[in-house]
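*Asks:* I'll drop the sequence and a predicted model, then ask my questions.
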Amino acid sequence: MSKPLPLAAALAGALLVSACASTRGLQPASTPNDPASLPVAHSLAGIPLSDAAFPRQDWWRALGDPQLDGLIDEALRGTPSLAAADARVRKAQAQAGLADAARKPTIGASGQYALAELPEGLAGDEIGGKLLRNAVLMMKFDLPLDVWGGKRAQYEAALDQVHASQIEAQAARLTLAANIARAYVALAQAFDTQQLIQREQARSAQLQRLAQQRVDAGIDNRMTLRNTEAAVASAKAQADAAQQQIDTLRNTLAVLLGQGPDRGLAIQRPHLLQAAAPALPSVLPSELLGHRPDVVAARWRVEAAAQGIALAKASFKPSIDLSALVGLASTGFSDLFRSDALLGFGGPAISLPIFDGGRLRNNLSARDADYDLAVADYDATAVQALREVVDALQTIRALDAQRAALEQADSAARAAFDLVNARHQAGMSSTIDVLAAQKPVLQIQQQLATLRAQRYAAGIDLNRALGGGLAVDAPNPTASTDAAKH
């Protein structure tokens, strides 16, 4: 009888034969963009940069409204959207645990007691026609040898997915806080609009009374009266629309809190402070891509895809397992622990791909495509992140310029109103003149309220675009490229 081949010789033969399954010509088509390739200097020209850190994690507190702080704190304690994000994290962690378990040895035990009777025509007179008993106790040991690092790559990919899921959960919290803040700003604008419309209603109603008096006195015709009646009706419609907007926004906030509509009824009129725009860090764009949770999560997806390529490449190599089985077997329990009942089996097992109809190459090609998709998603997310920062900053700059011009118009309109009011008190102009001079003041005030809300929203957008002050664990920017190419 020939002796078994030594393990080293078996491995050498396996390596030679496995050359039939080759990775030749297969590799990803793309690499992640360098942040330096996304210039923003000209777009940010004229915008002062600062050595200040990124926004505080609780950036919304700069708006100075305790009610808003309480709403966001309440939401961050738990909503359906956050519960879903957290569940995805737990699922990713479980998947990583499964991948880690596949790298570790396993030990299992089993026991069996069986009865059997074979026909004499099949088994003969010696054992045929007799009731046979069989008792077996076994313990099995298996150790997968990760010679080529495939199982390690699978585990690393699962860990990268865990990192991505954790950061996406943080991104969900940032998005939720921003959405609540934006809805709250819109609610503040709706209350401001309602107050200004109520002043317009009072002005129009007074004009209507004066017009009615002039018609009754025969001083004026009914055309002026009809115009004032139309103005009163229009103001009433605007007041109803403002109330409807308030109700809708309260419901929106209740939904964002994960509560029923009644929760929104308890939300009072906002009292926001005019917060300054966040300081723009001087380390854009490179540092931004390490602070934005969506960008960092996309980068972790690239890392996971790179490890998927390493796993697919390891499948082209022979797999080696060490296994052993030890047990006791006898015809009954009474003989089970005798010395001649011992059984055992074990040794290395080698399996290798030779011809598989292209399964391995197509699997690797799919993993390469997954990597290219992850890179494309990362690049697109990075570009979108920079765009959101620049959009918010340009919007803030434009709104501040508009507000400065509108404040000049407001000062002029108020000065004109004061002059007419002074003339009225001196008996040199009528009440109608005063009410007419009040109209542009109210119109400009409404425009200022709209600009103020837009300015708040742009500040919120900038805080969110800068990552909201979240501390995220970013991967090594070169690790995925190295893993994918080798």
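*Replies:* Cool, got the structure.

*Asks:* quick one: low-confidence parts of the stretch 201-350 of the chain?
*Replies:* Within the stretch 201-350 of the chain, the stretches with pLDDT under 70 are 220, 274-289, 339.

*Asks:* now the strands for it?
*Replies:* All strands of the stretch 201-350 of the chain, identified by DSSP state E, counting those that start in this stretch, fall at 280-281, 319-330, 342-351.

*Asks:* now for the second one, which elements pack on it?
*Replies:* I take that to be strand 319-330. strand 131-145, strand 342-351 (3 or more C-beta pairs under 8 Å, 6 or more residues apart in numbering; DSSP states H and E). Where C-beta positions appear, they are placed from N, C-alpha and C, glycine not excepted.

*Asks:* quick one: the longest one to chain centroid distance?
*Replies:* Spelled out, it's strand 131-145. 49 Å (C-alpha atoms, centre = their mean, to the nearest Å).

*Asks:* domain parsing of this protein, as residue ranges.
*Replies:* According to automatic domain parsing, the chain comprises the domains 27-103+147-316+362-485, 105-145+318-351.

*Asks:* picking up where we left off before, want to throw the strands of the stretch 201-350 of the chain into JSON lines with mean neighbour count and distance to residue 416?
*Replies:* Formatted as JSON lines, the strands of the stretch 201-350 of the chain follow (neighbours: other C-beta atoms under 10 Å; distance: least, C-beta to C-beta, whole Å):
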{"stretch": "strand 280-281", "mean neighbour count": "19", "distance to residue 416": "39"}
{"stretch": "strand 319-330", "mean neighbour count": "16", "distance to residue 416": "88"}
{"stretch": "strand 342-351", "mean neighbour count": "12", "distance to residue 416": "92"}
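
*Asks:* residue 379 is nearest to which of the ones you listed?
*Replies:* strand 280-281 (21.7 Å; C-beta to C-beta).

*Asks:* quick one on the thing from earlier: and the domains of the chain, which is most packed in?
*Replies:* domain 27-103+147-316+362-485 (a mean of 17; mean count of other C-beta atoms under 10 Å).

*Asks:* next up, the contacts around residue 130.
*Replies:* Shown in contact with residue 130 (C-beta atoms under 8 Å, 6 or more residues apart in numbering): 117, 118.

*Asks:* pLDDT at it, what is it?
*Replies:* At residue 130, the model reports a pLDDT of 77.

*Asks:* go on, residue 173?
*Replies:* In this model, residue 173 is scored at 91, pLDDT.

*Asks:* pretty sure it is touching residue 83, no?
*Replies:* No - counting by C-beta atoms under 8 Å, residue 173 stays clear of residue 83, with 11.8 Å between them.

*Asks:* that older thread, now the helices and strands packed on strand 319-330 in CSV, with distance to residue 468?
*Replies:* Formatted as CSV, those follow (distance: least, C-beta to C-beta, whole Å):
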stretch, distance to residue 468
strand 131-145, 43
strand 342-351, 50
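
*Asks:* and of those, who's closest to residue 429?
*Replies:* strand 131-145 (96.0 Å).

*Asks:* SS state for residue 354?
*Replies:* When classified by DSSP: H, G, I helix; E, B strand; the rest coil, residue 354 comes out as coil.

*Asks:* run through the stretch 1-150 of the chain and note the low-pLDDT ranges.
*Replies:* Along the stretch 1-150 of the chain, the parts satisfying pLDDT under 70 run over 1-23, 25, 35-54, 123.

*Asks:* who's in contact with the residue nearest to residue 298 when sequence neighbours are not counted?
*Replies:* Nearest residue to residue 298, sequence neighbours excluded (C-beta to C-beta, 6 or more residues apart in numbering): residue 378, at 4.1 Å. Applying C-beta under 8 Å, 6+ apart to residue 378 gives the contacts 32, 295, 298, 299, 301, 302.

*Asks:* so which of the helices and strands packed on strand 319-330 is nearest residue 306?
*Replies:* Closest of the helices and strands packed on strand 319-330 to residue 306 is strand 131-145, at 22.3 Å (criterion: C-beta to C-beta).
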